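Asker: Sharing a sequence plus its predicted fold:
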Amino acid sequence: MRQVTIHAAKTHLSKLIEAALNGEEVIIAKDGKPVVRLIPISRGGFKIGILEGKLDAGPDFLPPMAEDELDLWEGGR
C-alpha cells in the first residue's frame, strides 16, 4: 500500500494511476489521514462479433421467388 499527500498526488498523478492499474493500492491522505483510495475501473467485456462462427445461417423463412416474380420486384416487366 502506498500512501501519499494531496500535494504529492497532484504532482505524480499519472504515476499513481499506473500503480493502481498495476494492482497497487494507492491511498491519498489529508493531514496524515487517509481520505481517498485510487482503484481502477473494471473494463467492460463488450465485444462486437462475440458470436461470430458460433451460429449457423438459421432457417430460411422466405422460399426462393420465381424468376418472373423476382423480375417484378427488381423493377422489370
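Answerer: That came in fine, so what should we check first? Residues are numbered from 1 along each chain as shown.
Asker: Any stretches of the chain with poor pLDDT?
Answerer: Residue ranges of the chain with pLDDT under 70: 77.
Asker: where along it do the helices fall?
Answerer: Taking DSSP state H to define them, one finds helices in the chain at 6-11, 13-21, 67-73.
Asker: outside of the longest one, which residues touch it?
Answerer: With contacts defined as Cβ atoms under 8 Å, 6 or more residues apart in numbering, helix 13-21 is touched by 2, 4, 9, 26, 38-40. Backbone N, C-alpha and C define where each C-beta goes, glycine included.
Asker: what do you get if the cut-off is 6 Å, keeping everything else the same?
Answerer: Residues from elsewhere that reach helix 13-21 (Cβ atoms under 6 Å, 6 or more residues apart in numbering): 26, 38, 40.
Asker: By neighbour count, which of the residues you listed wins?
Answerer: When neighbours are taken as other Cβ atoms under 10 Å, the top entry among the contacts of helix 13-21 is Val26 (21 neighbours).
Asker: Enumerate every residue touching it.
Answerer: Val26 neighbours (Cβ under 6 Å, 6+ apart): 2, 16, 19-20, 38.
Asker: tell me which of these is nearest to Leu72?
Answerer: The shortest approach to Leu72 among these belongs to Ala20, at 65.0 Å (Cβ to Cβ).
Asker: Beta-bridge partners for the residue lying closest to the closest one once chain neighbours are set aside, please?
Answerer: Nearest residue to Ala20, sequence neighbours excluded (Cβ to Cβ, 6 or more residues apart in numbering): Leu38, at 4.2 Å. Beta-bridge partners for Leu38, by DSSP bridges, are Val26.
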